[in-house]
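Colleague: using only what follows, build the 3D model:
(chains A and B)
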There are 2 protein chains.
Amino acid sequence: MNAEVLSIGTELLLGEVIDTNTSYLAAQLPLLGINLHRVILVGDNRERLSEALHQAWKRSDIIFTSGGLGPTEDDITREVIAEFLDEELNVSPELEQELRLFFARMGREMSSHNIKQATIIPSARAIPNPRGTAPGWWIEKEKKIIVAMPGPPWEMQNMWVKEVMPRLQQKIQGDFILSRTLKTFGLSEARVNEVVSPLFVSADPELGIYAKPDGIHLRIIARAAKREVAEKIIAQHEAHLREILAKYIWGFDNDTLEGIVGELLIEKGLTLATMESFTGGLLASTLTSVLGNSSSYKGGFVASSNEAKITLGVDTQLIRQYGSISTEGAEAMAMAVCQRLGADIGVGVTGVAGPDIIEGKSPGLVYIAICGDREKWTGDWNFPPPLQLNNIATVAALFALRQRLLSIN
Amino acid sequence: MNAEVLSIGTELLLGEVIDTNTSYLAAQLPLLGINLHRVILVGDNRERLSEALHQAWKRSDIIFTSGGLGPTEDDITREVIAEFLDEELNVSPELEQELRLFFARMGREMSSHNIKQATIIPSARAIPNPRGTAPGWWIEKEKKIIVAMPGPPWEMQNMWVKEVMPRLQQKIQGDFILSRTLKTFGLSEARVNEVVSPLFVSADPELGIYAKPDGIHLRIIARAAKREVAEKIIAQHEAHLREILAKYIWGFDNDTLEGIVGELLIEKGLTLATMESFTGGLLASTLTSVLGNSSSYKGGFVASSNEAKITLGVDTQLIRQYGSISTEGAEAMAMAVCQRLGADIGVGVTGVAGPDIIEGKSPGLVYIAICGDREKWTGDWNFPPPLQLNNIATVAALFALRQRLLSIN
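Modeller: Numbers count the residues shown, from 1 in each chain, chains lettered A, B, ... in the order given. Here you go, the predicted structure:
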């Protein structure tokens, strides 16, 4: 099955927005055995969108659109599809009611402009969008499928996972394509490539190596007529990779480091507190994103200056002796916040964000300490400066936490 | 002048790489008065690239390609262009020498594959690429221009700035196109649309309305034969928008709320400290991203539980009386962190992230307090639940801070 994506919005052609929907869909489609042949970005322009739709219809089995479902005059996707299929666009009473309920829930008045978001054509079925006011459209006609989705990624991705992907899975009977992603931290992309490439000499299964913000990911893609065969190919290659990369692998597929750390804390009934300097709250907010509703994360301190560190419990004498950017400094931070907030485990992160050398330490140096009841652990990294240091230091801290929680060295 | 971008590479269609070249070019072209009408992403596939090139040639005055200039078999851009223009592809002795010099400088041996990067067609002039092995091509033929650039953004953007943009500036004597973006907070997209659309009845100047994570943006685009005329059109319409939206506008073009708050703090010589609950450190890390190297941001507390709030200085009695998710709670948080970290201004942010009702308060309720030496300010919001609440609450806090720092009500 061949597919084409039409990404719609003048903002994309003015460079105001990076089109992340396309790369999201592009990564999803191979898992359904759908080949993405082309992506077209067009503005909010009737004529050009219509031309793109005509061409896509001729070439492809499935057309995905994203964008142009909003309430403003600019939003023309519905009109263009209706005109292209020569169908009439009418307000659906059910959709209108849902829309009114949505606004009522938000305690806001519905603008008259929004009514167009309740319109639909006879051959389309509405796709629910609990995250926004624009329902999607699912159209099947003349053996082709058109799926119209909203532009905001937060809405589109939810609609994809909950509604569109399951419907497509039912429709498609092609080769089984399975993928498995292994996520590692602590090795460079070149090093991973060197180590694993001898295992993937043929093109099947395919191996992709990607440098991501949370480490190097390896993606195995296997194709086979039967699901069990594809599963077996994946399992064999995954076992090989695990042998070679064991201690660097922290997760699979949709795992996140914060998700894993959160689960381990809850599972072991442990509480955590953090004190960070140059990461400035990124560690705290990453942990809160998964632990916000639990009592496992007690809270955190953000203290970039020595003055603030001292106020928050780090010993003046210790800073004078070792400097605040040191193994000892990180340890003192971890212990201070652990005591003050009454947590089982404390994490301290300090380092030099750059561009200047501080306390004789170069940009990229990061010290992390993890203190528990019975043990302390410290580590330091030297990350190359062009990396986004607050992000990589947060990842390093979460990785270290995972290792400690699993009692792995 | 109408342009089209062909972004070439199978990795783009597999979602392995986000196509940032396109958004880069898209943002650059309006400044040259070039209208980008369409972007096409195609894989490393001869037939489909050729089809895209045919269509683009018919529709557009200028075609920009990025990608497919590498040394491997997959890299087919040169071959496809040569075939399309019916010209012969030959090794250029000058380009070969430059390529050999490039490898010599890197101390690496040149692979025989690389020789294809020294090939060219008669109607093309090579565009130097000091950052890589693939020179670009500049082609003028039958009143059309084709500019072929390498895919790696680091190479492409350098080539654009140093070589392509200056040549285009010489070529083009078109309209001046200027743009101006006004950034607002506090109104919905539909409401902004309702209020401003009567001012933009004609297509010139163009008005775009975009819902962004930091509020609703309005972009005015004016076209005119002379720069001064375009400037005047922008100024007139900006003045109108400022009249209508005055108190909601917080910035322009590349402004960020955290940048504005940071500048105001430094300008006024004031220091800041924050205490946040469900935003979990996002306010702190946003402020650190601009104030990390200054002493204006003293630091912050992240405290989601009442227990942690009390430990950090919020009065038990107050929580018992008003609940921690309240105007009084936010105020107590702001004052506590302000005192403990010795800052001039304290900010407290509390609210209900959902999905559950807490202390009788519904998800989406946010309380923000800003306390200074002489005055206190508090505000509350009720954001619709589908929004990413920690983000919108952080934006609301920064917006409130800006207003207070400017002494605007």
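Colleague: next, the residue of chain A most remote from its centre: phi, psi?
Modeller: Within chain A, the residue lying farthest from the chain centre (C-alpha atoms, centre = their mean) is A:Q317, at 42.6 Å. The phi/psi pair for A:Q317 (degrees, to the nearest 10) reads phi -60, psi -40.
Colleague: how much space between it and B:G342?
Modeller: Applying C-beta to C-beta, to the nearest Å, one obtains 21 Å for the distance of A:Q317 from B:G342. (Glycine included, C-beta is placed from N, CA and C.)
Colleague: which ones are touching A:F301?
Modeller: Counting by C-beta atoms under 8 Å, 6 or more residues apart in numbering or on different chains, A:F301 makes contact with A:274-276, A:308, A:312, A:333, A:336-337, A:340, B:299-302.
Colleague: check which helix or strand covers the residue nearest to it when sequence neighbours are not counted.
Modeller: If the residues on either side of it in the chain are set aside, A:F301 comes closest to A:M275, at 4.4 Å by C-beta to C-beta, 6 or more residues apart in numbering or on different chains. In this assignment (DSSP states H and E), A:M275 forms part of strand A:272-276.
Colleague: give me the angle between the helix or strand following that strand and strand B:272-276.
Modeller: For strand A:272-276, the succeeding helix or strand toward the C-terminus, using DSSP H and E, is helix A:282-291. Relative orientation of helix A:282-291 versus strand B:272-276 (axes from the mean of the first three to the mean of the last three C-alpha atoms, to 10 degrees): 20 degrees.
Colleague: the next helix or strand after helix A:282-291 pairs with which strands, and in what direction?
Modeller: Counting by DSSP H and E, the element after helix A:282-291 in chain order, helix or strand, is strand A:297-302. If you go by DSSP bridges, strand A:297-302 pairs up with strand A:272-276 (parallel), strand B:297-302 (antiparallel).
Colleague: could I get the CA-only coordinates of strand A:297-302 as PDB?
Modeller: Written as PDB, here are the backbone C-alpha positions of strand A:297-302 (Å, rounded to 0.1, in the frame of the first residue of the first chain):
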ATOM      1  CA  TYR A 297       8.700  12.700  44.000                       C
ATOM      2  CA  LYS A 298       9.000  14.800  47.100                       C
ATOM      3  CA  GLY A 299      10.200  17.900  45.300                       C
ATOM      4  CA  GLY A 300      13.300  19.700  44.300                       C
ATOM      5  CA  PHE A 301      15.600  22.700  44.700                       C
ATOM      6  CA  VAL A 302      17.100  24.700  41.900                       C
END
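Colleague: helix or strand right after that strand?
Modeller: helix A:306-311.
Colleague: in that following helix, which residues are buried?
Modeller: A:N306, A:A308, A:K309, A:I310, A:T311 (16 or more other C-beta atoms under 10 Å in any protein chain shown).
Colleague: list the contacts of the residue nearest to the first one when sequence neighbours are not counted.
Modeller: Spelled out, that is A:N306. Leaving out its chain neighbours, the residue that sits closest to A:N306 by C-beta to C-beta, 6+ apart is A:S324, at 5.1 Å. Counting by C-beta under 8 Å, 6+ apart, A:S324 makes contact with A:S277, A:N306, A:K309, A:V314, A:T350, A:E359.
Colleague: can you check A:N114 too?
Modeller: When the contact criterion is C-beta under 8 Å, 6+ apart, the partners of A:N114 are A:P71, A:L99, A:F103, A:T133, B:A190.
Colleague: so the second one sits in a helix?
Modeller: Yes. The assignment for A:L99 (DSSP: H, G, I helix; E, B strand; the rest coil) places it in a helix.
Colleague: and the helices in the stretch 251-400 of chain A?
Modeller: Using DSSP state H, counting those that start in this stretch, the helices assigned to the stretch 251-400 of chain A run over residues A:257-268, A:282-291, A:306-311, A:316-322, A:327-340, A:389-405.
Colleague: list just the nearest of the contacts of A:F301 to B:L6.
Modeller: Sorting the contacts of A:F301 by how near they are to B:L6, with C-beta to C-beta, puts A:E276 at the top with 44.7 Å.
Colleague: for the residue lying closest to A:V395 once chain neighbours are set aside, give its distance to B:A308.
Modeller: In space, and not counting its chain neighbours, A:V395 is closest to A:D214: 5.0 Å by C-beta to C-beta, 6+ apart. Counting by C-beta to C-beta, the gap between A:D214 and B:A308 amounts to 27 Å.
Colleague: how far does the helix or strand bottoming out on mean pLDDT in chain A sit from the chain's center?
Modeller: Among the helical and strand segments of chain A, the one scoring lowest on mean pLDDT, DSSP states H and E is strand A:206-212, with a mean of 82. When distances are taken as C-alpha atoms, centre = their mean, to the nearest Å, strand A:206-212 is centred 16 Å away from the chain's centroid.
Colleague: what is it packed up against?
Modeller: Using 3 or more C-beta pairs under 8 Å, 6 or more residues apart in numbering or on different chains; DSSP states H and E as the contact criterion, the neighbours of strand A:206-212 among helices and strands are helix A:189-196, strand A:215-224.
Colleague: most tightly packed of these?
Modeller: Each of the helices and strands packed on strand A:206-212 was scored by mean neighbour count; the highest is strand A:215-224, a mean of 21, by mean count of other C-beta atoms under 10 Å in any protein chain shown.
Colleague: buried residues in the next helix or strand along the chain from that strand?
Modeller: Note on strand A:215-224: by DSSP H and E, the next helix or strand toward the C-terminus is helix A:227-245. The neighbour-count check on helix A:227-245 (16+ other C-beta under 10 Å) flags A:A230, A:I233, A:I234, A:H237, A:E238, A:L241, A:L245 as buried.
Colleague: also stretch A:244-253?
Modeller: A:L245, A:Y248, A:I249, A:W250, A:G251.
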